[in-house]
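Novice: Quick check, what structure comes out for this input:
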Amino acid sequence: MHTLKPLTLEDANENSKAIFNAVKGKIGMLPNLYATMGISDKLLGGFLTFTETLKSGEFSNKEYEAIALATSQANGCSYCLSAHTAIGKMNGFTEEETLQIRYNEIKNPKLNALVTLVSEVIHLKGHPSQNAIDNFFIAGYTKTAFAELLGAIALTTITNNIYHNGGFEIDFPKAQNIEQLQEA
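Specialist: Modelled structure (predicted):
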């Protein structure tokens, strides 16, 4: 039932080929997710540009990965959990901390306020509780960070949905407990 499949370099249009080569040059591989998103060079190019823009914003790399982990957990995406667990560990999280983030149990109060808000935004369909919002601001985040948080959730949700509608293998070390997720 999966509709989307990764493109090979040979099957990609010229714009996607250029993006694929740039990604390979930057990270040393072309993840299956990006090879699938490259079906539309507009989607992949726009996604990568928006991601790069947001990553230069209010959140540290660790915070950005916490957002991606919490979003992917809430959306049940084993591919993105695996990718962001690996990237999160490269940015200083321990394996245990990646699990704590996924279950909104991280001991760091600021990160806990962040991932709790992420989880509520998703589970409550964009209508988090006032308590979660207040805790986010009490933790020291700004309105700019709140706006960027919504953008980061949207970007990760795109990748979650691509995976759910794609037929491709996880090409990162598999994250713990992903077999418990409901996958399509």
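Novice: all strands in this structure, in order from the N-terminus.
Specialist: Secondary structure of the chain (DSSP state E): no strands located.
Novice: Map the structural domains onto the sequence of it.
Specialist: Each domain of the chain is listed here as a residue range: 14-55, 61-178, per automatic domain parsing.
Novice: Could you look over these and pick the most buried one?
Specialist: Compared across the domains of the chain, domain 61-178 shows the largest average neighbour count, a mean of 19 (mean count of other C-beta atoms under 10 Å). Heads up, the C-betas are built off the backbone N, CA and C, glycines and all.
Novice: Save the domains of the chain as TSV, and put in distance to Leu7 and mean pLDDT too.
Specialist: Shown next, in TSV, are these (distance: least, C-beta to C-beta, whole Å; pLDDT from 0 to 100):
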stretch	distance to Leu7	mean pLDDT
domain 14-55	5	97
domain 61-178	10	97
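Novice: Out of those, the one nearest Pro6 is which?
Specialist: Evaluated over the domains of the chain, closeness to Pro6 peaks at domain 14-55, with 3.5 Å, by C-beta to C-beta.
Novice: follow-up on the earlier one: got TSV for the domains of the chain, with distance to Thr3 too?
Specialist: Shown next, in TSV, are the domains of the chain (distance: least, C-beta to C-beta, whole Å):
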stretch	distance to Thr3
domain 14-55	10
domain 61-178	5
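Novice: Thr8: which of those domains is closest?
Specialist: Smallest distance to Thr8 across the domains of the chain (C-beta to C-beta): 7.6 Å, for domain 14-55.
Novice: gap between the two ends of the closest one?
Specialist: Using C-alpha to C-alpha, to the nearest Å, one end of domain 14-55 lies 27 Å from the other.
Novice: Dump the lengthiest helix in the chain to CSV, restricted to CA.
Specialist: Identified as the longest helix of the chain according to DSSP state H is helix 143-164. C-alpha atoms of helix 143-164 as CSV (Å, rounded to 0.1, in the frame of the first residue of the first chain):
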residue,chain,number,x,y,z
LYS,A,143,7.6,34.0,21.4
THR,A,144,10.1,33.7,18.6
ALA,A,145,11.1,30.2,19.9
PHE,A,146,7.4,29.3,20.1
ALA,A,147,6.8,30.2,16.5
GLU,A,148,9.9,28.3,15.4
LEU,A,149,8.9,25.3,17.5
LEU,A,150,5.7,25.1,15.4
GLY,A,151,7.7,25.3,12.2
ALA,A,152,10.1,22.5,13.5
ILE,A,153,7.1,20.3,14.4
ALA,A,154,5.7,20.8,10.9
LEU,A,155,9.0,19.9,9.2
THR,A,156,9.4,16.8,11.3
THR,A,157,5.7,15.9,10.6
ILE,A,158,6.4,16.1,6.9
THR,A,159,9.2,13.5,7.2
ASN,A,160,7.0,11.3,9.4
ASN,A,161,4.3,11.4,6.8
ILE,A,162,6.7,10.6,4.0
TYR,A,163,7.9,7.5,5.9
HIS,A,164,4.4,6.4,6.7
